[in-house]
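**Q** Quick one: sequence plus predicted model below, questions after.
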Amino acid sequence: MTTGLQIALLGGALLAGGIVLLAWRLIPAQPDLADVLRRNSPEGVKEQAAADTAAAAGEGFAERLGVWALRRFPTRVWGRTPTKELALLRIPLHRYYGEKVVFALVGLLFPSLLSYFLAVSGIQVPVAIPLLGSLGLAAGLFFLPDLNARDDARKARQEFSRALGAYSDLVALERLGGAGARQAMELAAEIGDSWVFRRLSEELSRSRWNGKAPWDALHALSDELGLPELAELADVMRLSKEGSQVYTQLRARSEGLRSARLSEELSSANSASERLSIPIGLLAVMFVVIMITPSMLNLMGGL
């Protein structure tokens, strides 16, 4: 049974939390200089414009909640944002923030709802258990989108590296056929239909219209997405502008990418084989124990 003391403690905690939130809202805060500069930087203005566009387009609940959180909360509340991972996956920042808030709310409410259903069923749970469980689960689920973004970005980078080897071969063949550096890069990007080739084609087309060299555009894309292999390809194509024959270098680069991917896949396969040997060994031990147990019992009974 819930005692009067527990009700009083819960009511006092809610009242104190309300007073703290009201004071936090009304007292003028000292703005974080780094946060202010980031919000007024070109990247911050672009993020805010994307959030306003999403709000005007009437996106889902998580996106609208992310727009609200983006406007209300300072950057330090979110911790380290995986900016490169989100850019690689093309996840808007307001959607990412919205997912974090939704996950935190789910973690905050689930233990309380569970304790309520247990109380209805006649099982009394101390107030501290759902309270601490809500805070712990909310904190854990708050960082779950970070783990998901980093895991998805790792897989996307592996796919990008695999496709970049084929793209290097195509650029080398175009250069061997007499195409110029920009033309070879653009024609090679139009051949593939995967998201990697489409991303390269978009960046090269954008560089044509803004007057930027294609290798500089790929360098900027490499820095934005965290893809060092793409920066190396851009350096090789920059040499072609200076009259260097890059066919051999491009083919060697593609071979190096394929060899690196093969080594990673072999290492992954070896790790999987080692993990598989553990349950097989345990199964063998259990089989031996089952086989010798009757004999041991008979021997002990005879003694």
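**A** Structure's in. What do you need? Residues are numbered from 1 along each chain as shown.

**Q** ok, now how distant is the closest residue to residue 140 other than its chain neighbours from residue 146?
**A** Leaving aside its sequence neighbours, residue 140 sits nearest to residue 107 (CB to CB, 6 or more residues apart in numbering; 6.5 Å). Backbone N, C-alpha and C define where each C-beta goes, glycine included. Distance, residue 107 to residue 146, by CB to CB, to the nearest Å: 14 Å.

**Q** Would you mind putting the CA coordinates of stretch 130-148 into PDB?
**A** C-alpha atoms of stretch 130-148 as PDB (Å, rounded to 0.1, in the frame of the first residue of the first chain):
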ATOM      1  CA  PRO A 130      10.200   3.200 -10.800                       C
ATOM      2  CA  LEU A 131      11.700   6.600 -10.200                       C
ATOM      3  CA  LEU A 132      15.300   5.500 -10.500                       C
ATOM      4  CA  GLY A 133      14.400   3.100 -13.300                       C
ATOM      5  CA  SER A 134      12.800   5.900 -15.300                       C
ATOM      6  CA  LEU A 135      15.800   8.200 -14.900                       C
ATOM      7  CA  GLY A 136      18.300   5.400 -15.800                       C
ATOM      8  CA  LEU A 137      16.300   4.100 -18.800                       C
ATOM      9  CA  ALA A 138      15.700   7.600 -20.100                       C
ATOM     10  CA  ALA A 139      19.400   8.400 -20.000                       C
ATOM     11  CA  GLY A 140      20.200   5.100 -21.700                       C
ATOM     12  CA  LEU A 141      17.700   5.500 -24.500                       C
ATOM     13  CA  PHE A 142      18.700   9.100 -25.000                       C
ATOM     14  CA  PHE A 143      22.000   7.900 -26.400                       C
ATOM     15  CA  LEU A 144      20.500   5.000 -28.400                       C
ATOM     16  CA  PRO A 145      20.200   7.200 -31.600                       C
ATOM     17  CA  ASP A 146      23.900   8.000 -31.300                       C
ATOM     18  CA  LEU A 147      24.800   4.300 -31.400                       C
ATOM     19  CA  ASN A 148      22.400   3.600 -34.300                       C
END
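
**Q** Which positions in it come out as buried?
**A** Buried residues in stretch 130-148, counting neighbours by 16 or more other CB atoms under 10 Å, are found at 130-131, 133-134, 137-138, 141-142, 145-146, 148.

**Q** Out of these, which two are the most distant from each other?
**A** 131 and 148 (27.2 Å; CB to CB).

**Q** Look at the residue lying closest to residue 201 once chain neighbours are set aside and report its pLDDT.
**A** Counting by CB to CB, 6+ apart, residue 189 is the residue found nearest to residue 201 once chain neighbours are left out, at 4.0 Å. With respect to pLDDT, residue 189 scores 89.

**Q** got the contact list for residue 189?
**A** Residue 189 is in contact with 167, 197, 200-201, 204, counting by CB atoms under 8 Å, 6 or more residues apart in numbering.

**Q** make it 10 Å
**A** Neighbour list for residue 189: 167, 170-171, 196-205, 214 [criterion: CB atoms under 10 Å, 6 or more residues apart in numbering].

**Q** immediately after whichever strand or helix holds the residue nearest to residue 140, which helix or strand?
**A** Assigned by DSSP states H and E, residue 107 belongs to helix 93-120. Counting by DSSP H and E, the next helix or strand C-terminal to helix 93-120 is helix 128-142.

**Q** which one among the buried residues of stretch 130-148 gets closest to residue 298?
**A** residue 133 (50.9 Å).

**Q** distance of the closest one from residue 119?
**A** In terms of CB to CB, residue 133 sits 14 Å off from residue 119.

**Q** Break the chain down into its structural domains.
**A** 34-142, 156-258 (automatic domain parsing).
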